[in-house]
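> Sequence first, then the predicted structure, then my questions.
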Amino acid sequence: MNIARKRWSAILLAYFALLISLTVGGCNTAAPKPGTEIVHFDNPSNAELKEAPADGKYGCYLAGKPEPLESATLKKGDKIGFEILSPDEGRGQTEPKLIGVAGQQRFFLRLGDAYAWKRM
């Protein structure tokens, strides 16, 4: 009976150690490396907003270009990505518009090109 109790204790201890390591590990996720793509846009049907994975500087890049069009310093959880502004005939807007989003920052981009937000 002593051996069974020791095995059961060892199993419980291992289980709790694993549970603690997973919990602590999830809180300390490493920030993405510079150049890591966070979100991309290549057509209006895939425009999306995500949360910044970590505090830091992010750049919006035109596909194939090395320099960012815009950059922003964000906190983990701030919104980052792309939105489509639908046409509104009543106000004279007849074509959809592409908007880059980084936290509170908004700017127009040319619809028809491909873009990506990357960690700087």
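It's in. Numbers count the residues shown, from 1 in each chain.
> phi, psi of residue 66?
Here is the backbone geometry of residue 66 (degrees, to the nearest 10): phi -80, psi -20.
> Just the pLDDT at it, thanks.
The confidence metric pLDDT takes the value 96 at residue 66.
> Bridging across strands, which residues link to the residue lying closest to residue 77 once chain neighbours are set aside?
Distances taken as CB to CB, 6 or more residues apart in numbering place residue 51 nearest to residue 77, at 4.9 Å, with adjacent residues excluded. The C-beta positions use only the backbone N, C-alpha and C, and glycine is treated the same way. In this entry, residue 51 is beta-bridged to residue 79, by DSSP bridges.
> Let me know the pLDDT of residue 51.
As predicted, residue 51 sits at a pLDDT of 98.
> Look up how far residue 30 lies from it.
16 Å (CB to CB, to the nearest Å).
> Residue 61 now?
Distance from residue 61 to residue 30, by CB to CB: 22 Å.
> How is the chain divided into domains?
1-30, 37-119 (automatic domain parsing).
> any chance of those domains in CSV, plus mean neighbour count?
Formatted as CSV, the domains of the chain follow (neighbours: other CB atoms under 10 Å):
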stretch, mean neighbour count
domain 1-30, 9
domain 37-119, 15
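> By mean pLDDT, show me the worst of these.
domain 1-30 (a mean of 52).
> What is the subsequent helix or strand relative to the helix or strand that contains residue 108?
Per DSSP states H and E: residue 108 is located in strand 105-109. Note on strand 105-109: by DSSP H and E, the next helix or strand toward the C-terminus is strand 115-119.
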